[in-house]
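Visitor: Predicted model and sequence below, questions to follow.
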Amino acid sequence: MADCLVVIPTYNEIENIESIIRAVFTLSHPFHILIVDDNSPDGTAEKVVELQKEFRDKLHLSVRKKKSGLGTAYVHGFKWALKHQYEFIFEMDADFSHNPNDLEKLYSSCKNDSADLAIGSRYVTGVNVVNWPLSRVLLSYFASVYVRMITGMKIMDATAGFICYKREVLETLKLDRIKFIGYAFQIEMKYRAFAKGFVIKEVPVIFTDRTKGQSKMSGAIIKEAVFGVISLRFRKMFNRL
């Protein structure tokens, strides 16, 4: 059995789903994939079912009843991964903003370089973002500055969503306590790992904005991140994290 599972949440990703699946399965390391689809009306899940005939036993699908947020989709996927005994569990977007080739770099960081949690980082060696407007780059970059100031974490890309976790991290973090669903979810996972003393390393990657499909970013997600960081810090101070 493969030791790596890539969890990919989807909602209306019919334009990207087959290409991203094929890209992961061309890598030299034998990754498995779990698609967590929020009942996409565009046929995303149906395409995955079709591809499962070709990629038996390594392409998996879990369809939820409704769109319930990125964070809950990942928690759902993490629990599935732990149940099925994977040792390294990855977060990755379906839209090619995360280069599938970089999965092997994240894996190596956890397997060979003592990381418990490896982050595909846009900012650890400068600003490595393609096709984003300046306003979006500044929002993302200074969000991480803000997170470092509030939490004390030395992570350059606190909102990154391209990550490899060792199994032990997810087993320790008590996934049922994860509260947030957007940017704040990404911050919360890193902060909880940081608070538990896990080794977190950043691996430089180039982030390329999607060219197909629509972004799921919203004002509510940004607001959640801004106030969520403060909430996390206070909960940590009072041993309620």
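Guide: Ah, there it is. Residues are numbered from 1 along each chain as shown.

Visitor: Tell me, how many residues neighbour the nearest residue to residue 231 once chain neighbours are set aside?
Guide: Nearest residue to residue 231 in three dimensions, chain neighbours excluded: residue 179, at 8.0 Å (Cβ to Cβ, 6 or more residues apart in numbering). In this view, the C-beta of every residue, glycine as well, is placed from N, C-alpha and C. By the criterion of other Cβ atoms under 10 Å, residue 179 has 13 neighbours.

Visitor: Could I get the pLDDT score of residue 179?
Guide: If you check residue 179, the pLDDT there is 83.

Visitor: correct me, but it touches residue 188?
Guide: Yes. Counting by Cβ atoms under 8 Å, residue 188 is a contact partner of residue 179 at 6.6 Å.

Visitor: how much space between the residue nearest to residue 231 and residue 189?
Guide: 11 Å (Cβ to Cβ, to the nearest Å).

Visitor: Residue 107 too?
Guide: Taken as Cβ to Cβ, the span from residue 107 to residue 189 is 18 Å.

Visitor: more crowded one of the two?
Guide: residue 189 (25 against 20).

Visitor: list the contacts for the more buried one?
Guide: 163, 173, 178 (Cβ atoms under 8 Å, 6 or more residues apart in numbering).

Visitor: in the sheet, who's paired with the first one?
Guide: What that stands for is residue 163. Listed by DSSP bridges, the beta-bridge partners for residue 163 are residue 91, residue 119.

Visitor: Return the residues in contact with it.
Guide: Contact partners of residue 163, counting by Cβ under 8 Å, 6+ apart, are 90, 91, 106, 117, 118, 119, 120, 186, 189.

Visitor: between the residues you listed, which is nearest residue 169?
Guide: residue 117 (5.6 Å; Cβ to Cβ).

Visitor: what about that closest one, how many residues close to it?
Guide: Neighbour count for residue 117, taken as other Cβ under 10 Å: 23.
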